[in-house]
Structure formats: C-alpha cells, structure tokens
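[1] Here is my input, please return the structure:
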Amino acid sequence: MYAYLNIENPMVAWEVAIGRIYSAGASTRDRFGISIWQFNMMKRSALRGHVPSISAEFGIESFRQQYFPGEASRLKGIFFFESADMARAAIERWGMPSRYNKYISKVRFWAENYSKYDSEWFTQHASSGRIDWYGDYLSGKTLGENPLTEIVADGFGLILNQDLRRRAVQRVLELWPTSSILLAAAMCAINDLNLHDVALTTPYLYCENGRIGGHHAIKIDVLEKHQLEISKAIERNYASGEINIPLILPNNPDMLFSVPDMRDQKFVIDLPQAIEKFESVHHSSHHSR
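    Residues are numbered from 1 along each chain as shown. Okay, the predicted model is just below:
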C-alpha cells in the first residue's frame, strides 16, 4: 500500500526516520492514542476554529462504535491508498501543495484489520453538520462517479521509500541532534530484535477544564527493559554499515541522549460544540476494551 508521509511535521519525521508506521488501533499498542494523521488534522482544524470537521470526526467514530464496530477507526487507523497514483490524486483533489507528492511512500504493512472508504463522503459532507451520510461512508459505499478510495488500517508496517527515510533522518538530526542515539536504538531494535515500539511517538487527546487538549507521549520503557540487547544491536548494525547516522552526545556528562522535544505540537480545542461528542467517543472506547 501507499501512504502520504509529510516529514515537514516533526512527529512524522521521527517515525519515518525510524522506518516504521504503527497504528494507534493495533492490539499490540493497547489501542492507546490517536493516529498522527488525525492529530495533525485536529490541530489544523483547531487553529482555524473549524468546528464541523472536528465534530464530524467524533461523530463518525461514535457511529462506528455503535453500528460498525468491525470497521477500522478513522481516529486510530493509518490512512493508505492502493497506488501511488491514487495518493497523488488525493493530494491534488484536496488542494494540497504539489511538493507533497515527494512524501508518498510504498509501505509493507501487516494489517490486523482494514476498511475501504470513499473519502468523497467526508470531503463533501464533513462541513454540513448532517449525520445521514455516516452509514454510507462506513459501509464502503461510493459517492458519485469519481470516488477517491482510502484504506484505513490497523497494524504495523515498514516504510520502503529509502530516500524519504534519509531526508527524515536529516530533518531529525537538524531538529534534535542529541536524540540521535535514541533514533539509532529504535532503528536497530526493529532491524535485529523485532521490537517495534522503541521510542514510539503516540499523540493523544484528553479533556480538561471543558477543553480538548492534544499532547503526545514517547515510549521509553521498552528501551529501558532491553538496554543490553539494544546496545549490542547498535554495535552490530554500525559494524555492518547498515546504519551509520552520526551519534551526537548531549553537552552534559550525566546524559547519554535527549528525547525529541515536540512540545510545540501541543494544541487546545476550545470548541464547546465538540466536547460532548469527544466525551461520548472517549467513554465508549474505554468501555469497549
């Protein structure tokens, strides 16, 4: 499958540099958080004060949990296209800059679950405030004669566009040079140890003081648990030349590496109309575990 991976976004750059794509809805992640795609969509909508699209996302998820629980979640799943041409068509139809075409990558993906949806339903109706199209969208019906099929999937995958990965590594090293050891650890853990979630970035939403907040977590516990194995994996990968990114130490003798500082990605949705729908979705997801 093919994914659009905009490495201009720091969260995306970090995951692409490591070479993985891992859905928030995968069973091996305890289904915590939301997708990076959705997080960024929510952030853009919040900055623009665009209530309808945010409400529509929560509305679709609530409807899915109630009537289509077997279908993949837009909030947690990864968005794919069946071909590079379809991904390029999406960029053009959604009015995105043409330079974004260079962020398309083929992905080898092991899916636990996936659904095919016609994105035109969301494009044409998300701002309407209506809900009568939710069932058509989630049941996979097409809208009109020119559907734009998106695949929403849960699972784990490897990013195959090596040029995009190299550019992502460069961006990460420019943003957080002293996170390079952590970056190498995550790469080597996947290569040698089949540990997929070292330093995994997970964005999430929470409700506080009547507002929806967007934040993120970076998973460090797997590295702490497997320090010795990962250290040996780094030695092997550097000796073989498979991984050769520079390892830059912090200017602090008590620190081995730093964690990527993504605090500027936080946001707040101060839209009362969206709170009730979010709380309904959040409540239902916890009770469905």
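[2] Where does pLDDT dip in the chain?
    Along the chain, segments meeting pLDDT under 70 span 31, 51, 273-274, 276-277, 280, 282-289.
[3] Quick one: the strands in it, in order.
    2-4, 20-22, 78-80, 104-118, 149-159, 201-208, 211-218, 267-269 (DSSP state E).
[4] So which of those is nearest Tyr134?
    Ranking the strands of the chain by proximity to Tyr134 (Cβ to Cβ) places strand 104-118 first, at 11.0 Å. C-beta here means a position set from N, CA and C on the backbone, and glycine is covered the same way.
[5] Only the buried residues of the closest one, if you could.
    By 16 or more other Cβ atoms under 10 Å, the buried positions in strand 104-118 come out as 104-107, 109, 111, 113-118.
[6] now do stretch 178-194
    Quick answer for stretch 178-194 (16+ other Cβ under 10 Å): 178-192.
[7] Need the residues that contact it.
    For stretch 178-194, contacts defined as Cβ atoms under 8 Å, 6 or more residues apart in numbering pick out 14, 17-20, 158, 169, 172-173, 195-196, 198-200, 222-223, 226, 229-230, 233-234, 236-238, 242-243, 245-251, 255-260.
[8] Restricted to buried residues, select those in PyMOL.
    In PyMOL, a selection of the buried entries from the contacts of stretch 178-194 looks like this (16+ other Cβ under 10 Å):
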select buried, resi 14+17+18+19+20+158+169+172+173+195+196+198+199+200+222+223+226+230+233+234+237+243+245+257+258+260
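[9] which one is the most centrally placed residue in the chain nearest to, not counting chain neighbours?
    Compute the mean C-alpha point of the chain, and by Cα atoms, centre = their mean the closest residue is Ile36, 2.8 Å away. Closest residue to Ile36 apart from its sequence neighbours, by Cβ to Cβ, 6 or more residues apart in numbering: Met11 at 5.0 Å.
[10] The one you found against Ser35, yeah?
    No - counting by Cβ atoms under 8 Å, Met11 does not reach Ser35; the two are 10.3 Å apart.
[11] Overlap in contacts, these two.
    Both Met11 and Ser35 are in contact with Pro203, where contact means Cβ under 8 Å, 6+ apart.
[12] The two: who's more crowded?
    Ser35 (24 against 21; other Cβ atoms under 10 Å).
[13] so that one touches Ala26, yeah?
    No - counting by Cβ under 8 Å, Ser35 does not reach Ala26; the two are 10.7 Å apart.
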